[in-house]
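Student: Here is a sequence with its predicted model. Questions after.
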Amino acid sequence: MNTVSLRFHRLSILTALLFFVLAAVWMFIPEKALAGWGVGFNDAVGLVSRRAAAMYAGIGVMFWLVRNAPQSAGRYALVSGFVTACLIIACLGIYELASGHANAGILIAVCIEIILSVAFIAVSRIKQ
């Protein structure tokens, strides 16, 4: 396994594990995550949280399954879509903070989203 694949391999595993944890949190204890952002919990928010948990689990599975894949158009598409989603979500987090819908606790999520985006961009730009 070359250096690029090793970096992508480890980053994919880390991302998969992170998203499996996020799926569990948003499925079973979303009120804890929301409290960290200063956002209240109700039945409607719970419904959306549990549905988002399924998406997190799916993203985790995708990164787990692609962890050993060589550079390819498919891997590039997965990374591009993930980076796009993370950067949009990070911007939305900053907007929610600025508009008073969330507190500074949301910046932890924003930082993780930006770090993951930068890491995947860096790994994807290295030529084999």
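Tutor: Received, thanks.
Student: Would you mind measuring from the nearest residue to residue 25 once chain neighbours are set aside to residue 62?
Tutor: Distances taken as C-beta to C-beta, 6 or more residues apart in numbering place residue 33 nearest to residue 25, at 5.4 Å, with adjacent residues excluded. All C-beta atoms are positioned from the backbone trio N, CA, C, and that covers glycine. Distance, residue 33 to residue 62, by C-beta to C-beta, to the nearest Å: 22 Å.
Student: Report the buried residues of the lowest-mean-pLDDT helix or strand in the chain.
Tutor: Ranked by mean pLDDT, DSSP states H and E, the helix or strand of the chain with the weakest confidence is helix 3-28, at a mean of 91. With burial defined by 16 or more other C-beta atoms under 10 Å, the residues of helix 3-28 counted as buried are 4-5, 7-9, 11-12, 15-16, 18-20, 22-23, 26-27.
Student: With only the CA atoms kept, save the helix or strand just after that helix in CSV.
Tutor: The C-terminal neighbour of helix 3-28 among helices and strands, as given by DSSP states H and E, is helix 30-36. The C-alpha atoms that make up helix 30-36 are tabulated as CSV, following Å, rounded to 0.1, in the frame of the first residue of the first chain:
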residue,chain,number,x,y,z
PRO,A,30,-30.0,13.7,20.2
GLU,A,31,-31.1,16.0,23.1
LYS,A,32,-27.5,15.8,24.5
ALA,A,33,-26.0,17.0,21.2
LEU,A,34,-28.6,19.7,20.8
ALA,A,35,-28.0,20.9,24.4
GLY,A,36,-24.4,21.4,23.6
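Student: what residues does helix 30-36 touch?
Tutor: With contact meaning C-beta atoms under 8 Å, 6 or more residues apart in numbering, helix 30-36 is reached by 25, 26, 40, 41, 45, 46, 49, 50, 53, 105, 108.
Student: so the fifth one, which of the three states?
Tutor: When you say that, I think you mean residue 45. helix (DSSP: H, G, I helix; E, B strand; the rest coil).
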